[in-house]
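> After the sequence you'll find the predicted model.
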Amino acid sequence: MRIGHVRERHAPAGAPWRLAISAEREGPWLDADVVRRRLAVADPRRAHNSMLFRQPLSTTDELIGRGLRLAALGELVDGFGAAGGVPDDDDDAVLDEADLVFGAPVLRPPAFRDFYVFERHVASMWERRGQAIPEAWYRLPIFYFSNTSEIRGPRDPVWAPRGSVELDFELEVGAVVDTPLFDTPAGRAEEGIGGYFVLADWSARDLQRDEGAVRLGPAKGKDFATSIGPWIVTPDELASARAAGATGPDLVMTATVTTADGPAVEVARGTWASAHYAFGQMLERASADVHVRPGEILGSGTVGGGSLLESREETLGRWLQPGDTVTLAIERVGELVTPIVERPSR
């Protein structure tokens, strides 16, 4: 199942996001609240038996905040099909994807932990310092807390922060937790993930370099923007791509930059399955002695080769600049497109 926030392309400014669901990767999108109301009218017992049907559905944040898990939305998809629902342009429950704008699939996450789990990327960072990967990295899933006030959605613009001329992306897998966790072992912790999405960890390399020199951060080199989307894909959709014992599904991850005056250039390619740690292991570490709250998000860290810091000289030959469009894609999950623009005048 796919879960997203949508509004009509020509909706009035400030129009609220609507919660949309799709049973299949290429299937039609349904307005979740229209389906909810229809099923509740058809069988009033639903509102008595299921909290899903008692209140309007507006966003994933609201749903998770009520104590529901994202998988609960599957009841709407199943009910729509069982009631004879089929894609029909005249059905107000069915949305025309060509007329939709997608927003960040989690609007206000309470926290964002970004991990560092792809060995190839970690090795390339330490090689630049003339050092080997620290032994502790092989024992502990390492993370830092990043900013949640600057979450961007699909096609929301990003710009280099003040004082930076070295704007870069980092291609990551994102995940949202939709049930409380505390001191949870890895095997159980992974069950706490409601779904996955593409995550762009934007980086100002020159600011990051200054912060790294004093061994604190990252801070201003990272906190100006994080893009997530285009929607959430529930774990069951990806299970068939994951071998027994693997840290993640064997899905290709790519990054492409389209310049204002040239063709698209693939600047990164890797696989989710190359991660050294699984999301369950990340969450075991995250929940050690603390409460991980529903709605919090995680990033996997950069897939090997998944940044211009690693691939710039062989591919684009420069850092990102206004007029570029960055497309980050994960097989079966989706494509996250971001235009790079000039820093707005305040």
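That came through fine.

> from here on, contacts and neighbour counts on C-alpha atoms
OK.

> which residue ranges form the helices in this structure?
Remark: helices of the chain, listed N- to C-terminal, are 32-42, 45-49, 60-65, 74-82, 119-128, 186-189, 205-213, 279-286, 308-311; assignment by DSSP state H.

> how near is the residue positioned nearest the centre of the chain to residue 78?
If you average the C-alpha coordinates of the chain and look for the closest C-alpha using CA atoms, centre = their mean, you land on residue 197, 3.3 Å from that point. Separation of residue 197 from residue 78 (CA to CA, to the nearest Å): 23 Å.

> And for residue 25?
Residue 25 sits 16 Å away from residue 78, taking CA to CA as the criterion.

> Highest mean neighbour count out of the helices of the chain?
For the helices of the chain, the largest average neighbour count (mean count of other CA atoms under 10 Å) is found in helix 279-286, namely a mean of 23.

> which helices and strands does that one pack with?
In terms of contacts (3 or more CA pairs under 8 Å, 6 or more residues apart in numbering; DSSP states H and E), helix 279-286 is packed against helix 186-189.

> Who are the packing partners of the helix it packs on?
With contacts taken as 3+ CA pairs under 8 Å, 6+ apart, helix 186-189 sits against helix 279-286.

> can you list the helices of the chain in CSV and add distance to residue 159 and mean pLDDT?
Below are these laid out as CSV (distance: least, CA to CA, whole Å; pLDDT from 0 to 100):
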stretch, distance to residue 159, mean pLDDT
helix 32-42, 34, 96
helix 45-49, 46, 92
helix 60-65, 26, 98
helix 74-82, 37, 92
helix 119-128, 24, 88
helix 186-189, 35, 96
helix 205-213, 13, 91
helix 279-286, 30, 98
helix 308-311, 16, 94
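
> how about these, which one is nearest residue 100?
Distances from residue 100 to each of the helices of the chain were compared by CA to CA, and the smallest falls on helix 32-42, at 14.5 Å.

> Run the angle between that closest one and helix 74-82 for me.
Taking axes from the mean of the first three to the mean of the last three CA atoms, to 10 degrees, one finds that helix 32-42 is oriented at 60 degrees with respect to helix 74-82.

> just the CA coordinates of helix 32-42, formatted as CSV?
Taking only C-alpha atoms (Å, rounded to 0.1, in the frame of the first residue of the first chain), the coordinates of helix 32-42 have been written out as CSV:
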residue,chain,number,x,y,z
ALA,A,32,-9.1,8.0,2.4
ASP,A,33,-11.8,10.0,4.1
VAL,A,34,-14.3,9.7,1.3
VAL,A,35,-13.9,5.9,1.4
ARG,A,36,-14.1,5.9,5.2
ARG,A,37,-17.4,7.8,5.2
ARG,A,38,-18.9,5.6,2.5
LEU,A,39,-18.0,2.4,4.3
ALA,A,40,-19.3,3.7,7.6
VAL,A,41,-22.7,4.6,6.0
ALA,A,42,-22.9,1.2,4.3
